[in-house]
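Visitor: below: sequence and its predicted model.
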Amino acid sequence: MSIFTKIKNIFRREKPPELPPTEELPEEPVEEVKGGSEVRSAEISNLRIKLDLILTELDNIKTQNRMIDEKLKTIEKIIVEKRSHYF
């Protein structure tokens, strides 16, 4: 097995498991009560919370990407050093 195959295997992505098709459930209507504006503000706050979670996940992915880039640079340096010893 060549060194490039080993490196490729290290960074290989695993395929996510396939999910069985789901049946779409009918949406339950939101009952509007006297405080209709309260329901709307609750929905907006829920959306903001979800967006914050998405942004946090994106930041985590960026951090992981930087770490992988650093590891790749280190591996590339090692390969260059190994090649220089053989040639």
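Guide: Good, I have the coordinates.

Visitor: only C-alpha atoms for contact and neighbour calcs from this point on.
Guide: Fine.

Visitor: remind me, longest helix of this structure?
Guide: Longest helix in the chain by number of residues, with DSSP state H as the criterion: helix 36-86.

Visitor: for it, what does the pLDDT average out to?
Guide: Here helix 36-86 scores 92 as its mean pLDDT.

Visitor: who does that helix touch, helix- and strand-wise?
Guide: Counting contacts by 3 or more C-alpha pairs under 8 Å, 6 or more residues apart in numbering; DSSP states H and E, helix 36-86 packs against no other helix or strand.

Visitor: quick check: Asn65 vs Lys8, distance?
Guide: For Asn65, the distance to Lys8 equals 16 Å [C-alpha to C-alpha, to the nearest Å].

Visitor: hmm, I was thinking of Arg66
Guide: In terms of C-alpha to C-alpha, Arg66 sits 18 Å off from Lys8.

Visitor: ok, Glu38 next?
Guide: 53 Å.

Visitor: and for Lys82?
Guide: Counting by C-alpha to C-alpha - Lys82 and Lys8 are separated by 18 Å.

Visitor: now swap in Glu18 and tell me
Guide: Glu18 is 23 Å from Lys8, by C-alpha to C-alpha.

Visitor: which one's more surrounded, the two?
Guide: Neighbour totals were compared for Glu18 and Lys8, and Lys8 leads with 11 against 6 (other C-alpha atoms under 10 Å).

Visitor: average pLDDT across the host helix or strand of that one?
Guide: If you go by DSSP states H and E, Lys8 is part of helix 3-10. The average pLDDT for helix 3-10 rounds to 68.

Visitor: make 4 the starting number, not 1.
Guide: That works, and once the first residue is 4, the last one we named lands at helix 6-13.

Visitor: what's the neighbour count on Lys53?
Guide: A count of nearby residues for Lys53, using other C-alpha under 10 Å, gives 12.

Visitor: again with Ile82
Guide: 14.

Visitor: which ones are touching it?
Guide: Shown in contact with Ile82 (C-alpha atoms under 8 Å, 6 or more residues apart in numbering): no residues.

Visitor: and the gap between it and His88?
Guide: For Ile82, the distance to His88 equals 10 Å [C-alpha to C-alpha].
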